[in-house]
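J.: Dropping a prediction and its sequence here:
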Amino acid sequence: MNLPITVTQGDLLEILLNISPSRPVFIWGAPGIGKSALVEQFAAEIGLPCVSLLGSQLAPEDIIGIPQINGETSEFLPPKMIARKEPYVLFLDELNACSQEVQKAFYSLIHERRIGEYHLPEGSIVVGAGNRAQDSAIVKTMSSALINRMFHVQMKADARQWIKWAQENHLHPWVIDYIIQRPDHLFSEPPKTEEPFSTPRSWHILSDALIEYGAGKRELSGDTLKILAYGSLSPSHAGMFLAYTKSLSNSHMLEDIIAKKEKWPAKAKDRDILYFLAQSFRAKLITDLPKSKQDISGNMLSFVYRVKEMIKELSTINFEIAQMVVASDDESPFPDWFMVEVIRDLPRLVNTK
């Protein structure tokens, strides 16, 4: 399933608070985007324990329990971790990865909040989650009957909210600072090949590794940093992160270039740093440039003039990297007025893309 509307972590918390007490909510999203952590956070905020069941590892009897003879009849005894006396949040993770038989066992639990004769305590909440078919994850087709029993929402990664969470949870400062500069690198779609890819979870993994190795407190070899970065992130993001670590001796280099206190690094050995700075420059332009020319203030006008100067300077060092900075695409296009300015002053840079 791929819903036309996506929501951030903050939006999803509001949805869970308002909808899940009366209707089960199913959260769709890519692996590592933070579905499980968000449900645990939701349970903590409402003061209920969270019991997680992993759909890909369940058999029907793990849900409905096993039969026991009671006099002249038999009854099913539900599992101890489900059969609780106090209300709780039941989190059915990877629900769409379980077999059809297990999905059938969930019907009454999701629809009527009961298993056989056992009813969930009043005030209990049921939340499901799963990956999408396009995520190259283990997924099975959910029956229309099961889909129709839940409210569906698709979660997306939000860099601003993740940065706030990362700061509160003391992730490694390199990771936080890098995502502040390159929020578009927080998440990448799962690749078709078997290789690491960037997600909020994988950045957390890299943070843990950097902390364990003492990065920042002692110097790590370039080979060690490569192992940590390429073992956690998408290859292109890993290369950019390594360039970022090389530029840490001057962590404000881009701001200094904008302020004319520094120049673009021009030496061949610094080409990876140049590429990282150019990518960060592009991301800053996409974020900071106003959509309408009418919204340009005096300070912004000075910034626009400086931007064109910087692009010219960059083109004399590496023309292809300068082209990359001003390249427009469907996901993050530049404002039309800015492209007109670039075409007027730097026609060759745009026309030879």
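T.: Looks like it came in fine.
J.: now the strands: where do they sit in this structure?
T.: 6-7, 25-28, 50-54, 66-70, 73-77, 89-93, 114-115, 118-119, 125-130, 151-155 (DSSP state E).
J.: Mean neighbour count added to the ones you listed, as a markdown table?
T.: Quick note: C-beta positions are derived from backbone N, CA and C, even for glycine. Below are the strands of the chain laid out as a markdown table (neighbours: other Cβ atoms under 10 Å):
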| stretch | mean neighbour count |
| --- | --- |
| strand 6-7 | 17 |
| strand 25-28 | 23 |
| strand 50-54 | 17 |
| strand 66-70 | 10 |
| strand 73-77 | 13 |
| strand 89-93 | 23 |
| strand 114-115 | 16 |
| strand 118-119 | 16 |
| strand 125-130 | 25 |
| strand 151-155 | 18 |
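J.: Turn those into a markdown table, including distance to A44.
T.: Below are the strands of the chain laid out as a markdown table (distance: least, Cβ to Cβ, whole Å):
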| stretch | distance to A44 |
| --- | --- |
| strand 6-7 | 20 |
| strand 25-28 | 17 |
| strand 50-54 | 8 |
| strand 66-70 | 32 |
| strand 73-77 | 30 |
| strand 89-93 | 9 |
| strand 114-115 | 25 |
| strand 118-119 | 24 |
| strand 125-130 | 13 |
| strand 151-155 | 18 |
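J.: among those strands, which is nearest S297?
T.: For S297, the closest of those is strand 6-7, at 32.3 Å, according to Cβ to Cβ.
J.: list the helices and strands the closest one packs on?
T.: Contact partners of strand 6-7 among helices and strands, from 3 or more Cβ pairs under 8 Å, 6 or more residues apart in numbering; DSSP states H and E: strand 151-155.
J.: Run through the neighbouring helices and strands of the strand it packs on.
T.: Using 3+ Cβ pairs under 8 Å, 6+ apart: strand 151-155 touches strand 6-7, helix 9-19, strand 25-28.
J.: any idea of the mean pLDDT for that strand?
T.: Across strand 151-155, pLDDT averages out at 94.
J.: Could you pull out the helices in the stretch 51-200 of the chain for me?
T.: Along the stretch 51-200 of the chain, counting by DSSP state H, counting those that start in this stretch, helices occupy 61-64, 100-111, 144-147, 159-168, 173-181, 200-213.
J.: what's in contact with the longest one?
T.: Right, the one you point to is helix 200-213. By Cβ atoms under 8 Å, 6 or more residues apart in numbering, the residues outside helix 200-213 that reach it are 31-34, 157, 162, 166, 171-172, 174-175, 179, 186-187, 196, 216, 220, 224, 228-229, 231-233, 241.
J.: switch to 7 Å and redo it
T.: 32-34, 157, 162, 171-172, 174-175, 179, 186-187, 196, 220, 224, 228-229, 232-233 (Cβ atoms under 7 Å, 6 or more residues apart in numbering).
J.: same thing with stretch 228-241?
T.: Outside stretch 228-241, the residues that touch it by Cβ under 7 Å, 6+ apart are 178, 182, 185, 188, 195-198, 202, 205-206, 209-210, 213, 242, 272, 276, 279.
J.: ok, now stretch 149-158?
T.: Applying Cβ under 7 Å, 6+ apart, the contact partners of stretch 149-158 are 1, 3, 5-9, 12, 15, 19, 23-29, 33, 35, 110-111, 128, 186-187, 200.
J.: For the residue of the chain most remote from its centre, give its distance to S221.
T.: Using Cα atoms, centre = their mean, the residue of the chain lying farthest from its centre is E72. It sits 54.7 Å away. In this structure, E72 and S221 are 74 Å apart, going by Cβ to Cβ, to the nearest Å.
J.: repeat for A129
T.: Here the criterion is Cβ to Cβ. By it, A129 lies 39 Å from S221.
J.: do the same with Q100
T.: 51 Å.
J.: Give me the more crowded residue out of those two.
T.: More neighbours surround Q100 than the other of Q100 and S221, with 13 against 8 (other Cβ atoms under 10 Å).
J.: what's the pLDDT at that one?
T.: Note for Q100: predicted pLDDT of 79.
J.: Repeat that for I176.
T.: 95.
J.: Any regions of the stretch 151-300 of the chain where pLDDT drops low?
T.: Scanning the stretch 151-300 of the chain for pLDDT under 70 picks out 249-251.
J.: Got the domain ranges for the chain?
T.: Taking automatic domain parsing as the criterion, the chain consists of the domains 6-156, 160-351.
J.: And the shortest one, end to end?
T.: If I follow you right, that is domain 6-156. Start-to-end span of domain 6-156 (Cα to Cα, to the nearest Å) is 6 Å.
J.: Number the residues from 351 up from this point.
T.: Right, with 351 as the first residue, what we last looked at is domain 356-506.
J.: Nearest spatial neighbour of L366, chain-adjacent residues omitted?
T.: F392 (4.8 Å; Cβ to Cβ, 6 or more residues apart in numbering).
J.: and the gap between V476 and N352?
T.: In this view, V476 and N352 are 23 Å apart by Cβ to Cβ.
J.: which helices and strands does the lengthiest helix in the chain pack with?
T.: Taking DSSP state H as the assignment, the helix of the chain that covers the most residues is helix 648-667. Other elements packing on helix 648-667 under the criterion 3 or more Cβ pairs under 7 Å, 6 or more residues apart in numbering; DSSP states H and E are helix 621-638, helix 669-676, helix 686-695.
J.: gap between the second one and the chain center?
T.: With Cα atoms, centre = their mean, to the nearest Å as the basis, helix 669-676 stands 27 Å off its chain's centre.
J.: Packing partners of that helix?
T.: helix 621-638, helix 648-667, helix 697-701.
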